[in-house]
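Novice: Coordinates for the following, if possible.
(one chain, ligands or ions: 1)
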Amino acid sequence: DWTMAEFRKTKIAEIRAQVGDGKVICGLSGGVDSAVAAVLIHEAIGDQLTCVFVDHGLMRLGEAEQVVGLFRNHYNIPLVHKDVSALFLGGLAGVTDPEAKRKFIGKTFIDVFEEEARAIGGADFLAQGTLYPDVIESVSFTGGPSVTIKSHHNVGGLPERMNMQLVEPLRELFKDEVRELGRELGLPDVFVGRHPFPGPGLAIRIPGEVSRERCDILRKADAIYLEEIRNAGLYDAIWQAFAVLLPVKTVGVMGDGRTYDNVCALRAVTSTDGMTADIYPFDAAFLSRVATRIINEVKGINRVVYDYTSKPPGTIEWE
Ligand code: XMP
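Specialist: Here you go, the predicted model:
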């Protein structure tokens, strides 16, 4: 009889055996996977672990604060919080190609992470929250005649460069199992139940050029959408829901004036592993309530549309 409590015990023993008295560094992304990996590893080896949160400024509303609070206050796990939003947003100026955005963000993330790893005097191991589907997907991306759909954000290359070995305690798990393990480790339910969030963050939910101003507009719209989803009791029935800020302006009317502002698209999908997905069939009243709130409350958006594309042929993220 296999339970998460046993998995936890087994993994802790494995981590101790692998790491010995070596030093481990773990990059937190703000997501569930890296947080669960970090908490598990911390339980195994305590302060041989250093967590680094590279804050690229492309997180959702209040998210960076939540991660920092969770680690420092709830778990008392030491955390280096590196606010490098200016570096990321500066580098993204003028970049509109989706792969160029992904590559810039991935590379800059590694540069900052490497600098921090050196600042703490280096590490023998790099911890990652790699899941089973990540293992599969990267295999299908590199093997055979398949093409790269999107270059995924990870710290590939860094372990060799810094002569570190990988510690990946979640490699056999699917997302729902990681959540179960997270609960087993005492992570708060709101955190564990969170929808997945991509490494490149809001940059890939802002087609066209990314700016701090556009991130702020998107953060507000996204927060309203998620608040309505939670209020309607739908959050846990959905794999991922988010707003996308389109690089398109359309004409509208507000009061007796003309508006000319951005379009916001809403996306929500059901899925079990992110590899295929179906759209979530909201009822019309829900969608019109969200649209009205976003248009009334978010300066810069005057039109809201709903994305009706499954995966395939669409991907979940827009870039
Ligand atoms: P797509 O858009 O490829 O996304 O259908 C599938 C799932 O993966 C997430 N995603 C990412 N996660 N780094 C990540 O850690 C990335 O670069 C990345 N790109 C997409 C996406 O949010 C969805 O859950």
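Novice: thought residue 198 was touching residue 319?
Specialist: No - the pair residue 198 and residue 319 does not pass the contact test of C-beta atoms under 8 Å, sitting 9.4 Å apart. In short, each C-beta sits where N, CA and C put it, glycine included.
Novice: Counting neighbours, go ahead and name the busier of these two.
Specialist: Comparing residue 198 with residue 319 by other C-beta atoms under 10 Å, the one with more neighbours is residue 198, at 23 against 19.
Novice: quick one on the thing from earlier: so for residue 198 and residue 319, which residues contact both of them?
Specialist: With contacts defined as C-beta atoms under 8 Å, 6 or more residues apart in numbering, the residues shared by residue 198 and residue 319 are residue 204.
Novice: mind checking the end-to-end distance for stretch 69-83?
Specialist: End-to-end distance of stretch 69-83 (C-alpha to C-alpha, to the nearest Å): 15 Å.
Novice: That should have said stretch 14-33, apologies.
Specialist: One end of stretch 14-33 sits 18 Å from the other (C-alpha to C-alpha).
Novice: Go through it and flag the buried ones.
Specialist: By 16 or more other C-beta atoms under 10 Å, the buried positions in stretch 14-33 come out as 15, 18-19, 23-33.
Novice: Switch these over to TSV; also include pLDDT and distance to residue 104.
Specialist: Shown next, in TSV, are those (pLDDT from 0 to 100; distance: C-beta to C-beta, whole Å):
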residue	pLDDT	distance to residue 104
15	98	33
18	98	33
19	98	33
23	97	29
24	97	27
25	96	23
26	96	23
27	93	17
28	92	20
29	87	17
30	86	19
31	88	20
32	93	25
33	94	23
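Novice: what about residue 84, distance to residue 32?
Specialist: Residue 84 sits 22 Å away from residue 32 when distances are taken as C-beta to C-beta, to the nearest Å.
Novice: And for residue 168?
Specialist: Plainly put, residue 168 is 15 Å away from residue 32 if you go by C-beta to C-beta.
Novice: Just give me how far stretch 230-250 sits from the chain centre.
Specialist: Computed by C-alpha atoms, centre = their mean, to the nearest Å, the chain-centroid distance of stretch 230-250 equals 15 Å.
Novice: Is that stretch positioned near the ligand?
Specialist: Yes - judged by C-beta under 6 Å from any ligand atom, stretch 230-250 and the ligand are in contact via residue 240.
Novice: And for stretch 58-77?
Specialist: No - Stretch 58-77 stays out of contact with the ligand when judged by C-beta under 6 Å from any ligand atom, the minimum separation being 11.4 Å.
Novice: mind checking the end-to-end distance for that stretch?
Specialist: Stretch 58-77 has its terminal residues 23 Å apart, counting by C-alpha to C-alpha.
Novice: Close to the ligand: what parts of the stretch 51-200 of the chain are there?
Specialist: 150, 152, 153, 196, 198, 199, 200.
Novice: For residue 93, state which of the residues you listed is nearest.
Specialist: Taking C-beta to C-beta as the measure, residue 200 is the one of these closest to residue 93, at 15.6 Å.
Novice: distance of the closest one from residue 302?
Specialist: Distance, residue 200 to residue 302, using C-beta to C-beta: 27 Å.
Novice: ok, now residue 254?
Specialist: With distances taken as C-beta to C-beta, residue 254 is found 7 Å from residue 302.
Novice: out of these two, which sits in the more crowded spot?
Specialist: residue 302 (21 against 11).
Novice: one step back: which members of the buried residues of stretch 14-33 are the farthest-apart pair?
Specialist: 18 and 30 (25.7 Å).
Novice: Any idea how far the longest helix along the chain is from the middle of the chain?
Specialist: Longest helix in the chain by number of residues, with DSSP state H as the criterion: helix 98-119. Put simply, helix 98-119 sits 15 Å off its chain's centre (C-alpha atoms, centre = their mean).
Novice: Other residues contacting it?
Specialist: Helix 98-119 is contacted by residues 25, 27, 52, 54, 56, 58, 80, 82, 84, 87-88, 91-92, 95, 123, 150-155, 157-158, 161-162, 199-201, 203-204, 207, 210, 319 when judged by C-beta under 8 Å, 6+ apart.
Novice: So which of those residues sit within strands?
Specialist: Among the contacts of helix 98-119, the members found in strands (DSSP state E) are 25, 27, 52, 54, 80, 82.
Novice: Distance of the third one relative to residue 185?
Specialist: Residue 52 sits 20 Å away from residue 185 when distances are taken as C-beta to C-beta.
Novice: Also the fifth one?
Specialist: Plainly put, residue 80 is 21 Å away from residue 185 if you go by C-beta to C-beta.
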